[in-house]
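**Student:** this is a predicted model, with the sequence first.
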Amino acid sequence: MPHTMKSAAGKALRHIPACLLFSTFGLSGLAFAQEADVDIVVEQQSVSTDESQESQALIDQLEDSIVEDIAATRVARQQIDRLLIYNDNLDKLVADQEREIASIRRQIDEFGDVEKNVVPFMLEMIETLKRFVELDMPFLQQERGDRIRRLEDNMERSDLTVSEKYRQIMEAYQIETGYGRNIEAYIGALNIDGMEMRVDILRVGRILLAYQTVDQSSVGFYDKTMDQWTELDSSYRTEIADGLRIARRQMAPRLLELPLPAAGDIQ
């Protein structure tokens, strides 16, 4: 029985149309092909997605780079603008300095011309001062003589500027002018009766130059009309002694009766 049924089944199978068999196998192949195509499409889509992501990442990087380049360009432009402003200001400074240098050179040239006239004038001033001291009353002769000699030496010194030489000359003139407006007492030495003696000398401006010996035994004054020292009588001892104390700020100022030469007479 089973054999009979198997035979029948085989016969039935043999009687299935070939087209149906091919159709079944075709559907299976188609299904398999479609499934393969789907896998390919999915794979391609995945690859495309990856490529898109990579492209987007590259685009993002490019955008960031562009933004950075724009920012760097803006900073560079600002720096260039500042540099241009600085260079413009520097050009003005250089131009001003060049004008200043040209002005200094002109002044040097002019000063050279002035110096040619100033130096002879200063030498003349020193010589005039020297003659004045020689003709003046004989007070502080050592000090005043040394001052004039320094002025003469200065004119031969290269380490002193002309302006400094001139300043010292004017200072000497001011000192000499000051002698005519003050009162002074100092110790000096005079030849009295052929003897060198230390004396107190009283100078009242350029009006009077008197002396008193240390022991106050003798007093006298410089008679400019006679160009010599003249001894006075004892009546002037107190006045000259008081004058010395006033000059040394040892006594309050007061009126003094002192000898003044006038037309050869003592007044």
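**Tutor:** That came through, no problem. Numbers count the residues shown, from 1 in each chain.
**Student:** can you pull up the bridge partners for the nearest residue to residue 237 once chain neighbours are set aside?
**Tutor:** Closest residue to residue 237 apart from its sequence neighbours, by CB to CB, 6 or more residues apart in numbering: residue 219 at 5.2 Å. (Each C-beta comes from the backbone N, C-alpha and C, glycine too.) Residue 219 has these beta-bridge partners by DSSP bridges: residue 212, residue 232.
**Student:** distance of residue 219 relative to residue 196?
**Tutor:** Distance from residue 219 to residue 196, counting by CB to CB, to the nearest Å: 18 Å.
**Student:** compare the two (neighbour count), which wins?
**Tutor:** Legend: neighbour count by other CB atoms under 10 Å for residue 219 and residue 196, higher for residue 219 (24 against 8).
**Student:** which parts of the stretch 51-200 of the chain are strands?
**Tutor:** For the stretch 51-200 of the chain, the strands defined by DSSP state E, counting those that start in this stretch cover 183-192, 195-204.
**Student:** could you list the buried residues of the first one?
**Tutor:** Going back to what we said before, that points to strand 183-192. For strand 183-192, the neighbour count (16 or more other CB atoms under 10 Å) marks 183, 184, 185, 190 as buried.
**Student:** which one of those is nearest residue 257?
**Tutor:** Distance to residue 257 across these (CB to CB) is lowest for residue 183, with 15.2 Å.
**Student:** give me the nearest residue to the closest one, chain neighbours excluded.
**Tutor:** Skipping the residues right next to it in sequence, residue 183 comes nearest to residue 247 by CB to CB, 6+ apart, at 4.7 Å.
**Student:** in this structure the one you found contacts residue 205, no?
**Tutor:** No. With contact defined as CB atoms under 8 Å, residue 247 does not reach residue 205; the gap is 11.3 Å.
**Student:** give me the common contacts of the two.
**Tutor:** Residues touching both residue 247 and residue 205 (CB atoms under 8 Å, 6 or more residues apart in numbering): residue 183.
**Student:** which one's more surrounded, these two?
**Tutor:** Legend: neighbour count by other CB under 10 Å for residue 247 and residue 205, higher for residue 247 (20 against 14).
**Student:** that one: what's it in contact with?
**Tutor:** 183, 184, 185, 202, 203.
**Student:** let's see that with 7 Å instead.
**Tutor:** Each residue near residue 247 by CB atoms under 7 Å, 6 or more residues apart in numbering is listed here: 183, 184, 185, 202.
**Student:** just residue 179 next, same as before
**Tutor:** If you count contacts by CB under 7 Å, 6+ apart, residue 179 has them with residue 206.
**Student:** for residue 205, same thing?
**Tutor:** Residue 205 makes contacts with 180, 181, 182, as judged by CB under 7 Å, 6+ apart.
**Student:** do you know the pLDDT at the last one?
**Tutor:** It refers to residue 182. On the pLDDT scale, residue 182 is placed at 92.
**Student:** once you drop chain neighbours, what's closest to it?
**Tutor:** Excluding the flanking residues, the one nearest residue 182 by CB to CB, 6+ apart is residue 205, at 6.9 Å.
**Student:** the one you found and residue 178, how far apart?
**Tutor:** Distance from residue 205 to residue 178, by CB to CB: 10 Å.
**Student:** the most centrally placed residue in the chain and residue 138, how far apart?
**Tutor:** The centroid of the chain falls nearest to residue 97 when counting by CA atoms, centre = their mean (15.5 Å). Residue 97 is 58 Å from residue 138, where distance means CB to CB.
**Student:** residue 124 now?
**Tutor:** Using CB to CB, we find residue 124 at a distance of 24 Å from residue 138.
**Student:** more neighbours: those two, which one.
**Tutor:** When residue 124 and residue 138 are compared for neighbours, residue 138 comes out ahead with 17 against 10, by other CB under 10 Å.
**Student:** ok, now which ones touch the more buried one?
**Tutor:** By CB under 7 Å, 6+ apart, the residues touching residue 138 are residue 222.
**Student:** can you offset everything so residue one is 15?
**Tutor:** From this message on, residue numbering opens at 15, which makes the last subject residue 152.
**Student:** for it, give me phi and psi.
**Tutor:** Main-chain torsions, residue 152, degrees, to the nearest 10: phi -80, psi 70.
**Student:** run the chain-centre distance for stretch 214-228.
**Tutor:** Taking CA atoms, centre = their mean, to the nearest Å, the mean C-alpha location of stretch 214-228 is offset from the chain mean by 52 Å.
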